[in-house]
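1. structure for this input, please:
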Amino acid sequence: MPMKQLDTILKYERDNEQRCADQLKIAENEYQQNINRLQGVADYRLEYMKRLSQRAEHGLDSATYSHYHAFIGKLDTASKQVEIATRQAKALVEQSKNIWFKQRQKVKAVELLRDKRLKIIAVAADKSEQKMFDEIATQQYIRRPNR
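-> Modelled structure (predicted):
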């Protein structure tokens with residue numbers, strides 16, 4: 001396989017690897033954002049529970065209590081939805097890692113093939129150069145007057 005084709009394939013595979021790495025980074029960012037959202041909902045729920053407790057110390061009518069309780073239920077639902085999104089984002093990160101890793105292996109395989117081809121070319125060039133020097137030395141020996 002000519003070097004130009006190997007270089008083209010290598011460039012193509014490296015570009016694919018970069019795209020896979022970019023997708024992995026996006027997936028990791030989404031996962032981190034979901035973790036942050038989950039923590040934010042948990043923190044907000046805790047703060048809201050503290051408010052309920054403080055208000056309850058000073059007396060609380062049933063309508064206000066129902067309002068607090070309903071809102072806490074909504075926060076719990078939101079937390080469950082964010083947990084689901086977080087699990088999905090984590091699965092996407094793992095899938096993206098696997099895809100990137102496989103692409104990285106392809107790049108390494110093409111690099112190895114290219115390196116082997118370069119070595120073969122270098123050995124052939126060295127042999128050709130040595131043959132040329134041997135020919136020059138032989139011609140000089142033949143043309144030498146004092147034989």
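2. can you report how many residues neighbour Ala85?
-> Neighbourhood size, Ala85 [other Cβ atoms under 10 Å]: 16. C-beta here means a position set from N, CA and C on the backbone, and glycine is covered the same way.
3. doesn't Asn34 make contact with it?
-> Yes - between Ala85 and Asn34 there is a contact at 5.1 Å, judged by Cβ atoms under 8 Å.
4. can you give me the pLDDT of the residue positioned nearest the centre of the chain?
-> What sits nearest the mean C-alpha location of the chain, by Cα atoms, centre = their mean, is Ala21, with 3.2 Å. On the pLDDT scale, Ala21 is placed at 97.
5. which non-adjacent residue is nearest it?
-> Distance criterion Cβ to Cβ, 6 or more residues apart in numbering; nearest residue to Ala21, sequence neighbours excluded, is Trp100 at 5.7 Å.
6. rounded mean pLDDT for the helix or strand that neighbour falls within, please.
-> Using DSSP states H and E, Trp100 maps to helix 62-143. Averaging pLDDT along helix 62-143 gives 93.
7. distance between that helix and the chain's centre?
-> How far helix 62-143 lies from its chain's middle: 7 Å, per Cα atoms, centre = their mean, to the nearest Å.
8. got it, and stretch 40-56?
-> Offset of stretch 40-56 from its chain centre (Cα atoms, centre = their mean): 38 Å.
9. what of stretch 55-68?
-> Counting by Cα atoms, centre = their mean, stretch 55-68 comes out at 50 Å from the chain centroid.
10. what's the span of that stretch from first residue to last?
-> Start-to-end span of stretch 55-68 (Cα to Cα, to the nearest Å) is 10 Å.
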